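S.K.: My questions are about this predicted structure, shown below with the sequence.
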Amino acid sequence: MKKIEMKNPIVEMDGDEMTRIIWTLVKDKLILPFVDLKSEYYDLSLVNREATKDSVTIDAANATKKYHVAVKCATITPNAQRVEEYNLSQMWKSPNGTIRAILDGTVFRAPVLVKGITPLIPTWTSPIVIARHAYGDVYKNVETKVEKGDKAYLVVEGKKPSKQLIFDYEKSGGVCQGVHNLDSSISSFARSCFEYALSEKKDLWFSTKDTISKTYDHTFKDIFSEIFEKEYKKKFEEKGIEYFYTLIDDAVARIVRSSGGMIWACKNYDGDVMSDMIATAFGSLAMMTSVLVSPDGNFEYEAAHGTVTRHYYRHLKGESTSTNPVATIFAWTGALRKRGELDSTPELCEFASKLENAVIRTIEEGDMTKDLAALFKSDTVKVNTLNTEEFFDAVVKRMK
Ligand SMILES: NC(=O)c1ccc[n+]([C@@H]2O[C@H](COP(=O)([O-])OP(=O)(O)OC[C@H]3O[C@@H](n4cnc5c(N)ncnc54)[C@H](O)[C@@H]3O)[C@@H](O)[C@H]2O)c1
């Protein structure tokens with residue numbers, strides 16, 4: 001069989017532990033037999049981050065700016081225990097944090113749906129994608145306790161100074177908090193959301209509490225609206241998709257009653273809470289994919305889960321594990337499809353869809369890893385619980 005050609009490379013960021021083992025299996029069993037893979041390889045394993053003093057992470061992010069498409073394996077974010085385990089010279093920063101700081105983007109998380117694993121909200125027949133603004137608000141707050149009898153003010157110094165009373169703690173002591181955000185960050189969040197909606201041909205919803213927060217949240221609403229009107233309205237019409245703004249409480253009620261299928265842009269805290277609710281309601285962390293989209297059109301795909309450390313330690317002891325590779329496979333298909341779209345190589349996009357269909361069919365026909373077997377319900381399909389390698393072989397059988 002002639003292999004599918006690629007015009008330009010994707011950036012490949014290898015990672016750690018069990019997902020590193022899965023990475024090799026995805027390439028060897030599912031990609032290399034069918035695609036003449038062009039990739040620029042960066043080893044983001046903790047061992048190599050230590051060896052390169054983490055410059056490899058920066059190089060990989062810069063390569064993503066050059067080639068516009070990357071696929072990343074899960075990586076260890078070191079803590080004190082990992083510093084000891086890997087004998088690190090320092091506690092290297094989270095690679096995802098470093099990459100995000102260089103590419104400046106928004107993370108979109110989307111579940112993979114299969115028949116047999118019904119979301120806890122059964123009307124959700126299409127994926128709901130959460131876009132979380134990953135800057136500011138309560139995550140970069142300043143807070144303090146206030147004594148009874150004291151007053152707290154919001155003070156701005158500089159070109160346009162102002163002083164507003166927050167509260168007079170006359171009758172009781174209490175707490176007080178200052179939060180901030182930046183027009184530049186909100187704008188790039190908005191552009192990433194509009195770009196991703198166009199690339200996925202899905203409606204974009206955005207929600208804040210602008211009726212209560214008439215300056216802070218309203219600024220988010222205004223910036224989204226201005227950018228949409230000026231830069232995206234026409235493009236959305238051409239693709240037949242919608243931008244819809246509503247209050248966060250209204251959005252929650254509508255989402256619960258919906259059939260899914262939209263991208264839901266959320267402020268930092270809302271996105272933190274809602275993405276975990278959506279992931280849990282759709283079934284399993286191992287079925288969540290994630291893509292970082294930068295406002296100038298760079299795409300970095302990955303699984304939403306970590307390196308599955310517990311399984312890796314069992315693997316090291318020579319035991320077989322039943323680790324779910326679906327999100328990692330979909331990270332690869334996402335990247336290959338995007339490469340195909342950008343390079344006008346439809347056969348690459350078609351391959352990505354075929355591989356995704358083979359994975360979904362494998363599960364729907366009863367062949368799955370242990371985590372899914374616990375969730376799968378069917379009157380007609382008998383469940384076969386497979387180990388990691390057997391699952392890959394079951395997918396390969398369907399690919400062929
Ligand atoms: N994006 C990333 O690179 C990323 C994200 C999260 C965690 N991490 C790293 O991963 C390591 C482990 O972290 P963790 O345990 O909190 O997260 P994890 O996602 O690896 O595991 C969380 C739980 O979900 C289960 N699980 C996750 N993915 C699974 C899969 N594919 N198949 C079967 N079960 C699966 C695990 O067994 C575990 O019980 C840490 O070093 C952390 O820094 C990396």
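M.R.: Sure, I can see it. Numbers count the residues shown, from 1 in each chain.
S.K.: what does the chain have sitting close to the ligand?
M.R.: Residues of the chain lying near the ligand by CB under 6 Å from any ligand atom: 74-77, 96, 285-286, 302, 305-310, 323-324, 371. For the C-beta atoms, the positions are set from N, CA and C on the backbone; glycine is no exception.
S.K.: Low-confidence bits of the stretch 251-400 of the chain, can you list those?
M.R.: Scanning the stretch 251-400 of the chain for pLDDT under 70 picks out no residues.
S.K.: Going along the chain, name the strands of it.
M.R.: Assigned by DSSP state E, counting those that start in this stretch, the strands in the stretch 251-400 of the chain fall at 263-266, 288-293, 299-303, 367-368, 384-385.
S.K.: The stretch 101-250 of the chain too?
M.R.: Under DSSP E, counting those that start in this stretch, the stretch 101-250 of the chain gives strands at 106-111, 129-132, 142-146, 151-156, 162-168, 174-178, 204-208, 243-247.
S.K.: Let me have these in CSV, adding mean pLDDT and distance to residue 196 as columns.
M.R.: Shown next, in CSV, are these (pLDDT from 0 to 100; distance: least, CB to CB, whole Å):
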stretch, mean pLDDT, distance to residue 196
strand 106-111, 91, 6
strand 129-132, 94, 7
strand 142-146, 96, 32
strand 151-156, 98, 34
strand 162-168, 98, 37
strand 174-178, 97, 31
strand 204-208, 98, 8
strand 243-247, 98, 12
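S.K.: want to throw those into TSV with mean neighbour count?
M.R.: Listed next are the strands of the stretch 101-250 of the chain as TSV, based on neighbours: other CB atoms under 10 Å:
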stretch	mean neighbour count
strand 106-111	24
strand 129-132	25
strand 142-146	11
strand 151-156	12
strand 162-168	11
strand 174-178	13
strand 204-208	25
strand 243-247	16
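S.K.: Just put those in TSV and tack on distance to residue 266.
M.R.: Shown next, in TSV, are those (distance: least, CB to CB, whole Å):
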stretch	distance to residue 266
strand 106-111	10
strand 129-132	6
strand 142-146	22
strand 151-156	25
strand 162-168	26
strand 174-178	20
strand 204-208	7
strand 243-247	12
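S.K.: Minimum distance to residue 218: which of these has it?
M.R.: strand 204-208 (7.8 Å; CB to CB).
S.K.: hmm, who's touching the closest one?
M.R.: 193-194, 197, 217-218, 220-221, 224, 241-248, 250-252, 255, 262-267, 270 (CB atoms under 8 Å, 6 or more residues apart in numbering).
S.K.: Kindly supply the ChimeraX command isolating those of these that are buried.
M.R.: Filtering those down to the buried ones (16 or more other CB atoms under 10 Å) takes a single ChimeraX command:
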select :193,194,197,217,220,221,224,241,243,245,247,248,251,252,255,262,263,264,265,266,267,270
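S.K.: So which of the strands of the stretch 101-250 of the chain is nearest residue 334?
M.R.: Going by CB to CB, the one of the strands of the stretch 101-250 of the chain nearest residue 334 is strand 106-111, 9.1 Å.
S.K.: so what strands line up beside the closest one?
M.R.: strand 129-132 (antiparallel), strand 288-293 (antiparallel) (DSSP bridges).
S.K.: now could you export just the CA positions of that strand as CSV?
M.R.: Extracted C-alpha coordinates of strand 106-111, given in CSV (Å, rounded to 0.1, in the frame of the first residue of the first chain):
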residue,chain,number,x,y,z
THR,A,106,-6.6,29.1,25.0
VAL,A,107,-7.1,25.4,25.9
PHE,A,108,-10.1,23.7,24.5
ARG,A,109,-11.2,20.4,26.0
ALA,A,110,-13.5,18.0,24.1
PRO,A,111,-14.8,14.5,25.0
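S.K.: Return the angle between stretch directions for it and strand 299-303.
M.R.: Counting by axes from the mean of the first three to the mean of the last three CA atoms, to 10 degrees, strand 106-111 lies at 40 degrees to strand 299-303.
S.K.: count of residues packed around the residue in the stretch 151-300 of the chain positioned nearest to the ligand?
M.R.: Relative to the ligand, the nearest point of the stretch 151-300 of the chain is residue 286 (3.6 Å; CB to the nearest ligand atom). By the measure other CB atoms under 10 Å, the count of residues near residue 286 is 19.
S.K.: Enumerate every residue touching residue 342.
M.R.: Applying CB under 8 Å, 6+ apart, the residues contacting residue 342 are 8, 68-69.
S.K.: Can you check these and name whichever has the most neighbours?
M.R.: residue 69 (25 neighbours).
S.K.: Hmm, residue 10 and that one touching each other?
M.R.: Yes - between residue 69 and residue 10 there is a contact under CB atoms under 8 Å: 4.7 Å.
S.K.: and for these two, which residues touch both?
M.R.: Common neighbours of residue 69 and residue 10 (CB under 8 Å, 6+ apart) are 335, 339.
S.K.: how does this structure divide into domains?
M.R.: Following automatic domain parsing, the chain resolves into domains at 1-117+288-400, 119-140+180-282, 142-178.
S.K.: would you say residue 12 is within a strand?
M.R.: Yes - looking at residue 12 with DSSP: H, G, I helix; E, B strand; the rest coil, it is inside a strand.
S.K.: What residues are bridge-paired with it?
M.R.: With DSSP bridges as the rule, residue 12 is bridged to residue 41, residue 71.
S.K.: Now do the contacts for it.
M.R.: 39-42, 70-71.
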